[in-house]
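Asker: The following block contains a protein sequence and its predicted model.
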Amino acid sequence: MRDDLIQIPKRIKEFREILEISAMDMAKDIGVPFETYGQYESGALDIPISVLYKISSRFGTDTTVLLTGEDPRINTASVCRAGKGIRIERFPGYEFASLAYNFKGRTMEPLLVYLDPGKAPAPPVTHSGQEFNYVIMGSVKVTVDKREYILDQGDSIYFDARLPHAQTAVKGSAQFITIIQE
C-alpha cells in the first residue's frame, strides 16, 4: 500500500481515539462488522468511499480531513486544476481523483475515475444516496443490480446507489466523472 494511503487508516484510528470512541462502537455506528472495521483501521482492507463518508460523518468532520489530514478551506468556489485532484487507488485498476476536496460542507462528491482494463474489475459496491456517471474517455460497462449498460464517450447514467453497482473498462482505458450524492 502506498504511504499516502496508509495515512488514511492512521488518521481514522487517531480521530477515533481522540474522540474516545471504541472500535466496536465505531463499527456499529457505521454499519460494518467489527472484524471488517478492524481491517479498515489497520490498513489490511481498502476502505470504500461510502464508508469514508460514514466515518467522517460520525467524526463530525469532512472526508477531505481523512484523505489529506487537512481541512477544506473554500466555501464560495473551489477550482480543481487539471491533474490536481486528490488521487486514490480504490482497487487495482480503479483509481479516482476528488475534484472538490477543498470545498467546505460539500453535499455531493464529484470524482474523476480512471479504469485500467488490465486489472481485475472492482467488486460491486453499495452506498446510500444516488450516483451519476458521465463517460469522458473510452467505453465503460456499468452494472446496476443485475442489469448491464455499455456507455461510450458522452453517455451518462443516473442510478440508486443502494443497489449493487460496478464500473469496468470495456475496450482499453476509460475515464468517467462520477457524482455521488449521499
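Answerer: All right, it came through fine.

Asker: contacts and neighbour counts: CA atoms only from here.
Answerer: Fine.

Asker: tell me which element the residue of the chain most remote from its centre falls in.
Answerer: For the chain, the residue at maximal distance from the C-alpha centroid (Cα atoms, centre = their mean) is residue 20, at 25.7 Å. Residue 20 is part of no helix or strand when elements are defined by DSSP states H and E.

Asker: Check residue 76 too.
Answerer: Using DSSP H and E, no helix or strand contains residue 76.

Asker: Now for the nearest residue to it once chain neighbours are set aside, how many residues are close by?
Answerer: In this structure, residue 76 finds its nearest non-sequential neighbour in residue 103, 7.8 Å apart by Cα to Cα, 6 or more residues apart in numbering. Using other Cα atoms under 10 Å, residue 103 has 19 neighbouring residues.

Asker: Next one: residue 103, what pLDDT does it get?
Answerer: Predicted confidence (pLDDT) at residue 103: the value is 86.

Asker: That one contacts residue 74, doesn't it?
Answerer: Yes: using Cα atoms under 8 Å, residue 103 makes contact with residue 74 at a distance of 4.7 Å.

Asker: quick one: low-confidence parts of this structure?
Answerer: Filtered on pLDDT under 70, the chain yields the residue ranges 1-5, 89-92.

Asker: What residue spans form the domains of it?
Answerer: 3-68, 86-181 (automatic domain parsing).

Asker: Then residue 112 would be within a strand, right?
Answerer: Yes: according to DSSP: H, G, I helix; E, B strand; the rest coil, residue 112 belongs to a strand.

Asker: Any idea what it is bridged to?
Answerer: Beta bridges link residue 112 to residue 97, residue 177 when assigned by DSSP bridges.

Asker: hang on, isn't it packed against residue 177?
Answerer: Yes: taking contacts as Cα under 8 Å, residue 112 lies within contact range of residue 177: 4.6 Å.

Asker: and residue 93, what does it touch?
Answerer: Neighbour list for residue 93: 114, 115, 116, 117, 118, 119, 120, 121, 122 [criterion: Cα atoms under 8 Å, 6 or more residues apart in numbering].

Asker: Quick check: phi and psi on the residue nearest the centre of the chain?
Answerer: Nearest to the geometric centre of the chain sits residue 49, at 2.8 Å (Cα atoms, centre = their mean). Dihedral angles of residue 49 (phi, psi; degrees, to the nearest 10) stand at phi -60, psi -40.

Asker: likewise the one 5 residues further on?
Answerer: Main-chain dihedrals, residue 54, degrees, to the nearest 10: phi -60, psi -40.

Asker: same deal with the one 5 residues further on?
Answerer: Per-residue torsions, residue 59: phi -80, psi -10 (degrees, to the nearest 10).

Asker: In the chain, mark out all the helices, start to finish.
Answerer: Along the chain, the segments classed as helices by DSSP state H run 3-18, 23-30, 34-42, 49-59, 63-68.
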